[in-house]
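1. build me a model:
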Amino acid sequence: MRKLLNEISVIPGVSGSCIFDKKEGPVCQELLPGVSEDSLHTIGTHLLRLLQMGAMTDLSIQSIHFRYDKYAVVGMPLDAGLVLLTICEAHANCSLVATTAGMLVADMREDLSRGSMEAEPDFVQPESIIVDEQVIGELQRIYSEIEETLAAAIGPIAGMVFQDDLDKWKASGPEIPTRLTELVAMIAAEIADPNLAQEFRLKLEDLIEH
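-> Numbers count the residues shown, from 1 in each chain. Coordinates of the predicted model:
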């Protein structure tokens with residue numbers, strides 16, 4: 001897989017290329033030191049959400065290309081929850097990058113089908129901390145309130161953002177009330193406006209500490 005990524009990374013103007021996984025983040029990469037892990041994670045998450053939004057409207061997105069002030073980004077879906085992400089200099093020839101990446105996507109999918117980049121198994125909840133039905137029902141109620149509060153802050157994409165973070169939260173530890181502060185912190189980090197993020201946390205303080 002790294003050999004295929006390197007074929008993209010050597011194109012003039014390309015800062016690096018990686019496979020971005022919905023749960024694990026960047027799992028295979030050929031990047032220059034100037035591209036931060038945080039930036040990569042943020043961009044990859046947004047690209048996956050754009051692909052999800054396309055699927056919701058029965059649109060099969062083949063590639064995504066947009067420019068920031070510092071970077072240009074080319075993204076292509078590989079599999080459910082996986083995207084090929086290429087970071088370029090702002091004025092790079094993204095058409096060339098997209099064409100090259102498009103030629104390599106089939107080989108990357110073949111590598112993935114052979115299990116050459118298997119993800120870690122999800123967290124399995126020990127029997128000793130499996131929660132009863134009453135607690136599960138209470139958690140579902142809290143999830144709904146968290147999602148509604150998030151919708152008030154960021155609008156109609158709240159459902160997609162909430163579900164992504166809820167899945168990551170469940171995969172990282174037991175689904176129990178004492179971990180709800182972690183979930184709220186994870187979701188608050190998705191809100192770009194610091195004031196809205198703080199307001200989101202404050203609205204949920206009593207709910208998750210109950």
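
2. could you list the low-pLDDT ranges of this structure?
-> Residue ranges of the chain with pLDDT under 70: 30-35, 115-133, 209-210.

3. domains for it, by residue range?
-> For the chain, the structural domains run 2-113, 127-208, going by automatic domain parsing.

4. return the most buried member of those.
-> Burial of the domains of the chain is given as mean neighbour count (mean count of other CB atoms under 10 Å); domain 2-113 ranks first at a mean of 17. Any C-beta I mention is one placed from the backbone N, CA and C, and that applies to glycine too.

5. what about it, start to end distance?
-> From its first residue to its last, domain 2-113 covers 16 Å (CA to CA, to the nearest Å).

6. nearest spatial neighbour of the most centrally placed residue in the chain, chain-adjacent residues omitted?
-> When CA atoms, centre = their mean is applied to the chain, the residue found nearest the centroid is Thr45 (3.0 Å). Spatial nearest neighbour of Thr45, chain neighbours left out: Asp164 (7.3 Å); criterion: CB to CB, 6 or more residues apart in numbering.

7. wait, what's in contact with the one you found?
-> Contacts for Asp164 were tallied using CB atoms under 8 Å, 6 or more residues apart in numbering; they are 22, 45, 48-49.

8. in JSON lines: these, plus secondary structure and distance to Ile208.
-> Formatted as JSON lines, the contacts of Asp164 follow (DSSP: H, G, I helix; E, B strand; the rest coil; distance: CB to CB, whole Å):
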{"residue": "Lys22", "secondary structure": "coil", "distance to Ile208": "25"}
{"residue": "Thr45", "secondary structure": "helix", "distance to Ile208": "23"}
{"residue": "Leu48", "secondary structure": "helix", "distance to Ile208": "27"}
{"residue": "Arg49", "secondary structure": "helix", "distance to Ile208": "25"}
